[in-house]
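Colleague: The following comprises the amino acid sequence and a computationally predicted model.
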Amino acid sequence: MSFKGATINRSNGNLGRNSGTDRVVCIIAGATKPADTVYNKAYELLDITTAEDLGITASTDDTNKELLHYNLSEMFRLAPEMNFHLIMVEVTKTVADLVADDSLKAAIRGIDNVNVLGLSGISTLVANAEVDAVALQSLVTSFEQEYLYIDGIFVEGVGGAVALAVADYPDLRALSARNIHYMAGQDPAVSGLKAEYAKRAAIGIVLGSVGVRKIHEDLGSVDIEEKPRNRRGEENYSLSDPNLGYWLTSALSDGTGFETLTEPEQKSLTAKGWMYVGGFTNYSGYYLNGCPGAVSKDSDYAYFNYNCIWNKAARIIRNTLIPRIRSKVPTDIATGYLKSTWVSGVESSVKEALQVMVSAGNIEESDVYVNPAQAISEDSPLKVKSKLVVGRIVHEFDVDLGLTNNL
């Protein structure tokens, strides 16, 4: 007998983290691949140590002058209860290359229920955003034709050699690329470490912010509805981490400090559809400015969270109706219309399926209607109309405050 006692073996994968399909996030990273990994292959990451086991470490970031480990660690710092996916691509790839790469598209399709993509580590320049956004939207559209609904693609907006005046930032709101979102914010504590980091944007915090929120929440919300265990009790969900020294200040990806931006300039960036990081005067922490997309602000789908809501409903409705495909539809012999009992059965089954979104707080209510006076055939699909009642997002408060002698 020895004094070894009890041996405790560490098991993993039993928590069922990210077991739902609301958030299945993949970062597509231009990076120097470690040995024993390949490009255009999806790797599931349970935590940052899973990435480190692949050979992606702070040391390789330093050696390769890249920010892959940094971005992954930020994703898990903000969403520690999420699983993420990683696909590495050659750093020389352009957006046009990626959109045309069948191997990359196959790797994306191979991730069950994937619905959010992030793009980092390639030359997605702020100045070229209008061209790249349209190309990336075409990728979303091609997946949608396969009934693979991508809620959004978040792109690292890389700064140019010379800082842009805010007035010269491209107007993404003038485009028709509702699922594309550009991040143009960086943490000076990281961007100042190497010359190669100086123009990069912090895409990891965006994907972490996605992972920790429910689909109806704005990515710029100061607080979140359900905090991870390690941050329960805090009054907000700031990006800042004083222990790590992260996000104690912020800047645009060309190095322009947030503190130098006037309020009209801040509003202009948001109005043009750019994401960045800022803080409130005399309130602790730094936060994303929201999740605007590259489409007109008048669109119902001008923000990431509304695309998430629509896509979730589309998936639910599609899966509810497919079992009825090529089934008999009874007809009312008196009117020739679709039989009312069958119509109400379709309406109630879809509405019941959407109830899960009401329970989750994604929507307030839904409505489903099938017009019984339809002639359906192989060439004439049955038309179903559905509407979702969504909550609103408060962006600012306007408070009247005065003094008085009595109330």
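Modeller: Looks like it arrived, so ask away. Residues are numbered from 1 along each chain as shown.
Colleague: How about the contacts made by Tyr306?
Modeller: Shown in contact with Tyr306 (C-beta atoms under 8 Å, 6 or more residues apart in numbering): Asp300, Val390. For every residue, glycine as well, the C-beta is placed using N, CA and C.
Colleague: How about the one 5 residues further on?
Modeller: Applying C-beta under 8 Å, 6+ apart, we find Asn311 in contact with Asn115, Tyr149, Ile150, Asp151.
Colleague: do the same with Asp62
Modeller: Applying C-beta under 8 Å, 6+ apart, no residues qualify as near Asp62.
Colleague: Quick one: the helices in the stretch 1-150 of the chain, in order.
Modeller: With DSSP state H, counting those that start in this stretch as the criterion, the stretch 1-150 of the chain has helices at 48-53, 58-64, 68-78, 95-100, 102-109, 129-144.
Colleague: next one: phi and psi at the residue lying closest to Thr37 once chain neighbours are set aside?
Modeller: In space, and not counting its chain neighbours, Thr37 is closest to Leu54: 5.7 Å by C-beta to C-beta, 6 or more residues apart in numbering. Main-chain dihedrals, Leu54, degrees, to the nearest 10: phi -80, psi -10.
Colleague: ok, now how distant is Leu54 from Val38?
Modeller: Relative to Val38, Leu54 is positioned 11 Å away (C-beta to C-beta, to the nearest Å).
Colleague: Give me the more crowded residue out of these two.
Modeller: Leu54 (18 against 10; other C-beta atoms under 10 Å).
Colleague: which residues does that one contact?
Modeller: Going by C-beta under 8 Å, 6+ apart, Leu54 touches Pro34, Asp36, Thr37, Tyr43.
Colleague: Now with 7 Å, please.
Modeller: Leu54 makes contact with Pro34, Thr37, Tyr43, according to C-beta atoms under 7 Å, 6 or more residues apart in numbering.
Colleague: what separates the helix or strand encompassing Ala313 from the chain centre, distance-wise?
Modeller: Here Ala313 sits within helix 304-321, counting by DSSP states H and E. Relative to the chain's own centre, helix 304-321 is displaced by 15 Å; criterion: C-alpha atoms, centre = their mean, to the nearest Å.
Colleague: what does stretch 217-231 give?
Modeller: Counting by C-alpha atoms, centre = their mean, stretch 217-231 comes out at 14 Å from the chain centroid.
Colleague: List the buried residues in it.
Modeller: Buried positions in stretch 217-231, judged by neighbour count with 16 or more other C-beta atoms under 10 Å: Glu217, Asp218, Leu219, Gly220, Ser221, Ile224, Pro228.
Colleague: could I have that stretch exported to CSV, CA atoms only?
Modeller: Taking C-alpha atoms only, stretch 217-231 is exported to CSV below (Å, rounded to 0.1, in the frame of the first residue of the first chain):
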residue,chain,number,x,y,z
GLU,A,217,-30.5,41.5,-27.1
ASP,A,218,-28.6,44.4,-28.6
LEU,A,219,-24.8,43.8,-28.6
GLY,A,220,-24.4,47.2,-27.1
SER,A,221,-26.6,46.7,-24.1
VAL,A,222,-24.9,47.9,-20.9
ASP,A,223,-26.3,44.9,-19.0
ILE,A,224,-27.4,41.5,-20.2
GLU,A,225,-30.3,39.3,-19.2
GLU,A,226,-28.4,36.3,-18.1
LYS,A,227,-24.8,36.7,-16.8
PRO,A,228,-22.3,33.9,-16.6
ARG,A,229,-21.8,32.6,-13.1
ASN,A,230,-18.5,34.4,-12.5
ARG,A,231,-20.1,37.8,-13.1
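Colleague: residues in contact with that stretch?
Modeller: By C-beta under 7 Å, 6+ apart, stretch 217-231 touches 80-81, 206, 209-210, 212-214, 234-237, 287-291, 303-305, 393.
Colleague: Show me those residues that map onto strands.
Modeller: Judged by DSSP state E, strands contain the following of these: Tyr287, Leu288.
Colleague: Filter the contacts of stretch 217-231 down to the buried ones, PyMOL style.
Modeller: In PyMOL, this line selects whichever of the contacts of stretch 217-231 come out buried by 16+ other C-beta under 10 Å:
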select buried, resi 80+206+209+210+212+213+236+237+287+288+289+290+291+303+304+305
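Colleague: Tell me how many other residues crowd Ala251.
Modeller: When neighbours are counted by other C-beta under 10 Å, Ala251 comes out with 27.
Colleague: same question but for Glu263, I mixed them up
Modeller: 7.
Colleague: how near is it to Glu81?
Modeller: From Glu263 to Glu81 the distance is 36 Å (C-beta to C-beta).
Colleague: from memory Arg297 sits against Arg173, does it?
Modeller: If you look again at residue 297, you'll see it is Lys, not Arg. Yes: in this structure, Lys297 is within contact of Arg173 by C-beta atoms under 7 Å, at 5.7 Å.
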